[in-house]
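# Give me coordinates for this.
(one chain, ligands or ions: 3)
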Amino acid sequence: MVKQITEDILNEVIVKRPADSYKGDFGRVLLIGGDKQYGGAITMAAQAAVSSGAGLVTVASDAVNRTALHSRVPEAMFVDWTDLDVLMEQIDKSDVVLMGSGMGLTDYAVSLVKRVLMQMNAKQVLVADGSALTIVANEHLSFPRDTYTVITPHQMEWARLSNIQLNYQDEIELNDVQRSMLNVDVLVLKQHHTMIYNNEGQQQIMVGGPYQSIGGMGDVLAGIVAAFVGQFKLSLSHTVQAAVYAHSALAEQMAGYNYVVRPSLLADGMANFMGRYQSNLD
Ligand SMILES: NC(=O)C1=CN([C@@H]2O[C@H](COP(=O)(O)OP(=O)(O)OC[C@H]3O[C@@H](n4cnc5c(N)ncnc54)[C@H](O)[C@@H]3O)[C@@H](O)[C@H]2O)[C@@H](O)CC1
Ligand SMILES: Nc1ncnc2c1ncn2[C@@H]1O[C@H](COP(=O)(O)OP(=O)(O)O)[C@@H](O)[C@H]1O
Ligand SMILES: [Mg+2]
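Ligands and ions are numbered 1, 2, ... in the order given. As a prediction, the model looks like this:
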């Protein structure tokens, strides 16, 4: 039975910050993506991660994106993704690595995806989205067995990864078998009323709508997911459920007075949205 995710997940997962906390308590998040063509995608993911409370955000991207990224998200640190020694060091230091947003499909992007998959360890969480998923599918790569892995494909990306065509993607058992064969802990299968698959079963959001059908909306979700898993200590599956719910619930609220919801505005709205749900620790 597919469980419907309700607003309760937000009060359960989003906790009030302890008074004596510091940035290191809320996740070191590394975002790898943004080639020459798609700098906006990684910028929006970074904006979303910062606004959703990630303690420290670093972006590894094509050098051409540095100034634009900093002008929109000065809180984020920047690494030129061709500087491999620094990049590998950053991966080792991170709690969460998001890769794929606007990464593109160049040979260099392929080589980066391979390196990241090899470098991740058992204590870290990998969030893979966008181009990284297409690369894993095209190159027949595997997700690391010992790293917690969350993937956030749209339906075409899932078709490439799983070989399940779009008209069969409502077959729950089929999707779940493929998820597990791919070494994926949490599959977020994005669609109208997105579904989440994990070892605890399947969950679905009933919020959100077509005002979200706009480029960048998935990049923002990836940044929110990375920030949530970096800072909240509940199970990975609950934390991802909260991130997915928050993304579409806020979009639904913003759509009350907008025809479409701009992903960059949604990203900026997350801090205010989360502030309304934080629950007390005691
Ligand atoms: N401002 C930016 O820089 C943006 C960059 N983006 C990046 O662009 C790269 C390519 O991603 P795309 O998703 O555009 O390209 P993809 O080639 O992965 O997917 C788009 C293709 O899938 C098809 N499709 C079928 N069903 C679909 C569904 N339910 N949802 C989405 N597509 C469906 C579309 O018709 C199209 O042919 C990613 O790395 C992504 O992060 C996009 O997020 C758009 C915005
Ligand atoms: N009609 C819709 N109803 C609900 N959610 C939608 C709809 N269209 C798109 N979305 C949501 O918007 C996001 C789109 O993600 P994606 O296709 O990866 O966008 P991009 O790669 O351009 O950022 C997903 O979270 C998806 O669930
Ligand atoms: Mg996408």
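# what about the residue in the stretch 151-282 of the chain positioned nearest to ligand 2, how many neighbours?
Among the residues of the stretch 151-282 of the chain, G218 lies closest to ligand 2, at 2.1 Å counting by CB to the nearest ligand atom. All C-beta atoms are positioned from the backbone trio N, CA, C, and that covers glycine. When neighbours are defined as other CB atoms under 10 Å, G218 has 25 of them.
# Who are the packing partners of the helix or strand containing it?
In the assignment (DSSP states H and E), G218 maps to helix 217-231. Applying 3 or more CB pairs under 8 Å, 6 or more residues apart in numbering; DSSP states H and E, one finds that helix 217-231 makes contact with strand 28-32, helix 39-51, strand 96-99, strand 125-128, helix 130-138, strand 148-151, helix 236-255, helix 263-275.
# List the contacts of the one residue sitting closest to the centre of the chain.
Among the residues of the chain, A222 comes closest to the average C-alpha position under CA atoms, centre = their mean, at 2.2 Å. Applying CB atoms under 8 Å, 6 or more residues apart in numbering, we find A222 in contact with 45, 48, 98, 100-101, 127, 129-130, 152.
# And those, which of them are buried?
45, 48, 98, 100-101, 127, 129-130, 152 (16 or more other CB atoms under 10 Å).
# circling back to that earlier point, convert the helix holding G218 to CSV, retaining C-alpha atoms only.
Output of helix 217-231 as CSV, limited to C-alpha atoms (Å, rounded to 0.1, in the frame of the first residue of the first chain):
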residue,chain,number,x,y,z
MET,A,217,12.2,23.0,-10.5
GLY,A,218,14.0,19.7,-10.2
ASP,A,219,17.3,21.3,-9.6
VAL,A,220,15.8,23.2,-6.6
LEU,A,221,14.4,19.9,-5.3
ALA,A,222,17.8,18.3,-5.4
GLY,A,223,19.3,21.2,-3.4
ILE,A,224,16.5,20.9,-0.8
VAL,A,225,17.0,17.1,-0.5
ALA,A,226,20.8,17.6,0.0
ALA,A,227,20.3,20.2,2.7
PHE,A,228,17.7,18.1,4.5
VAL,A,229,19.7,14.9,4.6
GLY,A,230,22.8,16.9,5.7
GLN,A,231,21.1,18.4,8.8
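# Which positions in that helix come out as buried?
217-231.
# and of those, the nearest to ligand 1?
The closest of the buried residues of helix 217-231, once distances to ligand 1 are taken by CB to the nearest ligand atom, is D219, at 4.8 Å.
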